[in-house]
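Peer 1: sequence unknown, structure follows:
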């Protein structure tokens, strides 16, 4: 059976981790390794601290799943996995655009907890306006990826959400 490359990802609730799952079908005895590339909107690559390459190694010996701690904020990333031979020549490649916005979702949940513990918050227009702004940013980033495969617009929305999260003392 010929090899058909494919993968899926999931961002963990801790937000800094991505779980990669190789969902390829078939086989090819020439495949010796896998390489994960996380390309940001500016063309640079996101890798874990201490990594000297532009990719994350995903050894065949690790099985079909690899958990990587690499995210420090929300990103819309073009994620590519290359299946390579023993000389690192690419045999197969697959790329998807993913919206990784768990930091914003975690922040949104913390705002709900704030509201639940301090019901008077519902009377604060600034709280509501910025809470809605956060949800619109999350929605827009998802929409840009799903509807338009648009990394730029998704990252634009995430940057505003990241700004709100990083400056919450000013806005919430």
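Peer 2: Thanks, I have it. Given the structure is predicted, the values throughout are model-derived calculations rather than measurements.
Peer 1: Residue 13 - that's part of a helix, no?
Peer 2: No - Residue 13: not assigned to a helix; according to DSSP: H, G, I helix; E, B strand; the rest coil it is coil.
Peer 1: For it, give me its contacts.
Peer 2: Listed by Cβ atoms under 8 Å, 6 or more residues apart in numbering, the contact set of residue 13 reads 102, 106. Every C-beta, even on glycine, is put in place using the N, C-alpha and C of the backbone.
Peer 1: what's the spacing between it and residue 102?
Peer 2: 7 Å (Cβ to Cβ, to the nearest Å).
Peer 1: How about residue 135?
Peer 2: Applying Cβ to Cβ to residue 135 and residue 102 gives a distance of 15 Å.
Peer 1: same deal with residue 20?
Peer 2: 15 Å.
Peer 1: which residues does the residue nearest the centre of the chain bridge with?
Peer 2: Centroid-nearest residue in the chain: residue 100, 2.8 Å away (criterion: Cα atoms, centre = their mean). Note on residue 100: beta-bridge partners by DSSP bridges are residue 75.
Peer 1: Tell me the buried residues in the lengthiest helix in the chain?
Peer 2: Ordering each helix of the chain by length in residues (DSSP state H) puts helix 125-148 first. Within helix 125-148, the residues that count as buried by 16 or more other Cβ atoms under 10 Å are 127, 130, 131, 134, 137, 138, 140, 141, 144, 145.
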